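**Student:** How does the following fold in three dimensions:
(one chain, ligands or ions: 1)
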Amino acid sequence: MSPKSDILDHLSNSVIEGNSEAARMAANEALKEGLDPLDAIEKGLAKGLREVGRRFECGELFLMQLILSGEAMKAGVQVLKPEILRLQKELKGMGTYLIGTVEGDIHDIGKSIVTAMLTAEGFDVVDLGVDVPDQLFVEKTKEIKPPILGLSALMTTTRTKQKDVIDALRRAGLKDAVKVMVGGATVTPEWAQEIGADAYGEDAIDATKKAKGLVRA
Ligand code: HCB
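**Tutor:** As a prediction, this is how the structure comes out:
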């Protein structure tokens with residue numbers, strides 16, 4: 001039996017190596033040993049991906065390795081997701097959480113993790129996908145009337161779109177009807193405040209906790 005810290009290391013390393021098969025194996029090992037699947041994601045797979053991002057930024061890794069690491073992360077999450085849903089608590093009725101990655105941005109791993117956790121905690125998540133135009137966020141907010149809209153943006157060049165969407169909601173007279181939560185690697189609490197977002201989701205656990213607070217407020 002491997003100690004939990006070893007399994008978390010296997011998960012991280014599989015992502016750093018960009019090895020999808022190793023990620024699947026480590027995820028299965030995590031399930032077999034009874035690790036919390038969300039810990040396996042946040043403290044294992046995502047930890048590895050953050051390290052990959054750091055090395056990419058320093059020029060130690062190239063785009064191809066970033067792609068392979070992203071694929072490995074997804075492969076691991078795919079194994080863990082059914083267990084997250086199986087553990088879903090009887091907490092239906094938290095309302096709808098409309099979410100998408102902003103225009104110009106195709107990063108979707110973090111959004112998928114937030115989506116899995118929100119679903120597990122009783123939210124009805126409507127995922128608009130990636131590269132979502134501002135206007136589509138506005139139209140869907142008008143149509144679905146979700147209590148919360150989540151905007152994911154991973155790059156400094158695209159996080160400005162979060163502000164554009166909030167401004168577009170305001171122009172459409174919808175800003176007070178929906179709470180906006182922003183998240184993504186380059187997003188900070190200060191940025192969230194500056195652009196008039198209602199909340200900042202640091203990770204899936206934080207986002208879910210704050211989402212519950214927003215619907216209960
Ligand atoms: Co990408 N990329 N990338 N990338 N990428 C980043 C984001 C950089 C930070 C890497 C770096 O330079 N250090 C960087 C952005 C730099 C910047 O703007 N400051 C970057 C760049 C530059 C690029 C390209 C431009 C590279 C190129 O082509 N030259 C290109 C852009 C493509 C585009 O979008 N138009 C690109 C492409 C890629 C892929 C395709 C290779 C791949 C994405 C695969 C995919 O998503 N399907 C990729 C990846 C994997 C990354 C890194 C390594 C990991 C991102 C990730 O999944 N993190 C990332 C480095 C990093 O993040 N430090 C790098 C793990 C998840 C769990 O974290 O932050 O996404 P998360 O989500 C958290 C959290 O933020 C919060 O909860 C999530 C769960 O814990 N959250 C929310 C997120 N959204 C939320 C919404 C809510 O409502 C609430 C909470």
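**Student:** pull the CA atoms of the lengthiest helix in the chain into PDB?
**Tutor:** Longest helix of the chain, by residue count under DSSP state H: helix 63-86. Coordinates of each C-alpha in helix 63-86 appear next as PDB, following Å, rounded to 0.1, in the frame of the first residue of the first chain:
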ATOM      1  CA  LEU A  63       4.400  24.300 -25.900                       C
ATOM      2  CA  MET A  64       4.300  20.600 -26.900                       C
ATOM      3  CA  GLN A  65       5.100  19.600 -23.300                       C
ATOM      4  CA  LEU A  66       2.400  22.000 -22.100                       C
ATOM      5  CA  ILE A  67      -0.100  20.300 -24.400                       C
ATOM      6  CA  LEU A  68       0.900  16.800 -23.200                       C
ATOM      7  CA  SER A  69       0.700  17.900 -19.500                       C
ATOM      8  CA  GLY A  70      -2.800  19.300 -20.100                       C
ATOM      9  CA  GLU A  71      -3.800  16.000 -21.700                       C
ATOM     10  CA  ALA A  72      -2.400  14.000 -18.700                       C
ATOM     11  CA  MET A  73      -4.300  16.300 -16.300                       C
ATOM     12  CA  LYS A  74      -7.500  15.700 -18.200                       C
ATOM     13  CA  ALA A  75      -6.900  11.900 -18.300                       C
ATOM     14  CA  GLY A  76      -6.500  11.800 -14.500                       C
ATOM     15  CA  VAL A  77      -9.500  14.000 -13.900                       C
ATOM     16  CA  GLN A  78     -11.600  11.700 -16.200                       C
ATOM     17  CA  VAL A  79     -10.800   8.700 -13.900                       C
ATOM     18  CA  LEU A  80     -11.600  10.700 -10.700                       C
ATOM     19  CA  LYS A  81     -14.800  12.500 -11.900                       C
ATOM     20  CA  PRO A  82     -17.200   9.600 -11.500                       C
ATOM     21  CA  GLU A  83     -16.200   9.200  -7.900                       C
ATOM     22  CA  ILE A  84     -16.700  12.900  -7.300                       C
ATOM     23  CA  LEU A  85     -20.200  12.600  -8.700                       C
ATOM     24  CA  ARG A  86     -20.800   9.300  -6.800                       C
END
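**Student:** can you list contacts of the worst-scoring helix or strand of the chain on mean pLDDT?
**Tutor:** Lowest on mean pLDDT, DSSP states H and E among the helices and strands of the chain sits helix 109-120, with a mean of 86. Helix 109-120 is contacted by residues 38, 41-42, 46, 49, 70, 73-74, 77, 81, 84-85, 87-89, 94, 97, 99-101, 125, 127, 130, 150, 152, 154, 183-185, 201, 204-205, 207-208, 211 when judged by CB atoms under 8 Å, 6 or more residues apart in numbering. Backbone N, C-alpha and C define where each C-beta goes, glycine included.
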